[in-house]
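*Asks:* Take this sequence and fold it.
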Amino acid sequence: MINLHGLILADRSSRDLRELVMVRTSSSLPFAGRYRLIDFALSNLQNAGVRDVGVVMQRNYSSLLDHIGSGKEWDMSRKRGGLKLLPPFTGSGEYEGIIDALENVRGYIEDIKQDYVALMRGSLAASVDLADVMYKHVKSGADVTAVCTNYTPEGEHHRFIVGEDGFAKEIMLRRVGPGEGVATLEIYVMSKETLLGIIDRCDNALNHKFHRDGLGGLLAAGGRINVYMHEGYVAGVHSVNGYFAANMDMLDRQKRSELFPESRPVRTKGRSDVSTYYSEDAVSRNSLVADGCMIEGTVENSVIFRGVRVERGAVVRNCIIMQDTVIEAGASLSYIIADKDCEVSKDVTLAGSPKLPLVLPKGSKV
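*Replies:* Numbers count the residues shown, from 1 in each chain. This is a model prediction of the structure:
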């Protein structure tokens with residue numbers, strides 16, 4: 001078993017996700033027909049041989065609890081160690097930032113048995129070879145290894161300026177769009193002592209910015225941050241448009257194969273469903289359709305989750321239709337994100353646009 005402990009931050013959701021995170025955290029957002037975003041972090045850890053993982057939560061985490069349960073699907077259901085769910089320990093349940101969240105689970109971090117910790121976001125869709133990251137970290141002798149990408153993330157992000165030796169020279173905070181350096185995926189491998197030192201440095205100075213005061217302070221004090229470049233598809237979901245685009249990317253075979261490589265399978269919570277039924281009149285083109293669906297109408301360029309019913313004469317184009325939603329006969333949907341358990345009545349027409357998809361909140365009846 002690898003000498004590495006996983007610590008997943010599932011504590012915050014971007015406000016730009018709007019209706020999609022009214023009843024859930026962004027880490028539990030459904031993705032690509034049958035997965036949740038946190039499945040990628042858990043599977044990356046499992047594929048690297050990590051079996052002890054803590055999930056830091058903040059609010060709206062009932063959906064997350066239901067999904068990951070004891071961690072059995074990721075071989076983390078164990079009498080000793082295994083998956084631990086870490087709810088808020090503050091009275092308000094509100095964390096000001098990463099450091100505040102880590103300080104609140106400090107006791108858990110101090111009790112970690114492994115020498116190294118992999119800290120990561122639970123809302124990132126990426127297949128990262130953490131075993132290789134760990135190997136390169138130990139070999140480099142760095143204080144921290146940051147997993148980075150040449151891909152430009154959506155919205156604000158942090159970037160590292162990298163020297164010829166592969167180590168970071170500078171951290172550039174809150175950048176938007178492409179720029180100098182490489183973008184961090186906010187996956188960091190470091191020793192437990194280094195992580196506790198970063199927490200102490202920020203806490204003693206009454207600072208709560210992990211990147212500015214923690215990693216920036218480490219660099220300023222002469223610490224070394226090794227940069228590990230991740231090759232392959234990456235989706236950091238921070239807005240409704242970003243969520244829509246990331247799901248639509250899964251209709252591209254190349255991007256799908258990069259995110260779901262055979263060598264590093266992505267696992268998720270099981271659900272016993274029969275195969276999807278297609279009627280004689282059904283049409284399905286360039287779509288991902290999960291098990292347990294009933295397709296009698298037309299589905300094009302769409303992602304359809306488990307248990308969805310598209311009745312005869314209904315047309316679904318360029319849509320994301322989540323679990324157990326019903327599209328009744330004659331309805332027409334275009335550029336729609338329908339959350340779980342929605343009902344679209346007979347002959348109703350709903351249309352968004354590529355840049356502004358329309359969101360139907362969970363349980364909506366239209």
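
*Asks:* all helices of this structure, in order?
*Replies:* 38-47, 62-68, 98-104, 106-110, 130-140, 192-204, 216-220, 240-249, 253-259 (DSSP state H).

*Asks:* Mean neighbour count and mean pLDDT added to the ones you listed, as TSV?
*Replies:* From N, CA and C alone the C-beta is placed, and that goes for glycine too. Shown next, in TSV, are the helices of the chain (neighbours: other C-beta atoms under 10 Å; pLDDT from 0 to 100):
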stretch	mean neighbour count	mean pLDDT
helix 38-47	25	98
helix 62-68	18	93
helix 98-104	22	90
helix 106-110	14	95
helix 130-140	18	97
helix 192-204	17	90
helix 216-220	17	93
helix 240-249	21	96
helix 253-259	14	97
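
*Asks:* out of those, which comes closest to T325?
*Replies:* Taking C-beta to C-beta as the criterion, helix 240-249 is the member of the helices of the chain that comes nearest to T325, at 14.5 Å.

*Asks:* Please name every helix or strand in contact with that closest one.
*Replies:* strand 234-236, strand 320-321, strand 336-338 (3 or more C-beta pairs under 8 Å, 6 or more residues apart in numbering; DSSP states H and E).

*Asks:* What's the mean pLDDT across the second one?
*Replies:* Taken as a whole, strand 320-321 has an average pLDDT of 98.

*Asks:* Quick check: which of the helices of the chain is nearest to F305?
*Replies:* It is, among those and with distance given as C-beta to C-beta, helix 240-249, at 10.1 Å.

*Asks:* check contacts around the residue most central in space within the chain.
*Replies:* Central residue of the chain (C-alpha atoms, centre = their mean): S123, 2.3 Å from the mean position. By C-beta atoms under 8 Å, 6 or more residues apart in numbering, S123 lies in contact with 10, 13, 25-27, 29, 37-38, 236-237.

*Asks:* can you map out the strands along the stretch 1-150 of the chain?
*Replies:* Remark: strands assigned in the stretch 1-150 of the chain by DSSP state E, counting those that start in this stretch are 4-10, 30-31, 35-36, 53-57, 83-86, 116-121, 124-126, 144-149.

*Asks:* JSON lines please, covering those strands and showing mean pLDDT.
*Replies:* Output for the strands of the stretch 1-150 of the chain, formatted as JSON lines (pLDDT from 0 to 100):
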{"stretch": "strand 4-10", "mean pLDDT": "97"}
{"stretch": "strand 30-31", "mean pLDDT": "97"}
{"stretch": "strand 35-36", "mean pLDDT": "97"}
{"stretch": "strand 53-57", "mean pLDDT": "96"}
{"stretch": "strand 83-86", "mean pLDDT": "94"}
{"stretch": "strand 116-121", "mean pLDDT": "97"}
{"stretch": "strand 124-126", "mean pLDDT": "96"}
{"stretch": "strand 144-149", "mean pLDDT": "98"}
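
*Asks:* quick revisit: the helices of the chain: which one's closest to L356?
*Replies:* Counting by C-beta to C-beta, L356 lies closest to helix 240-249 out of these; the figure is 7.5 Å.

*Asks:* Name the surrounding residues that touch the closest one.
*Replies:* So helix 240-249 is contacted by 16-20, 29, 31-32, 125, 154-155, 233, 235-237, 255-256, 301, 303, 318, 320, 335, 337, 355-357, 359 (C-beta under 8 Å, 6+ apart).

*Asks:* Which among the residues you listed count as buried?
*Replies:* 16-17, 20, 29, 31-32, 125, 154, 233, 235-237, 255, 303, 318, 320, 335, 337, 357, 359 (16 or more other C-beta atoms under 10 Å).

*Asks:* out of the helices and strands packed on helix 240-249, nearest to K346?
*Replies:* Nearest to K346, of the helices and strands packed on helix 240-249 and by C-beta to C-beta, is strand 336-338 at 15.7 Å.

*Asks:* Okay, now the sheet partners of the closest one, with direction.
*Replies:* strand 320-321 (parallel), strand 358-360 (parallel) (DSSP bridges).
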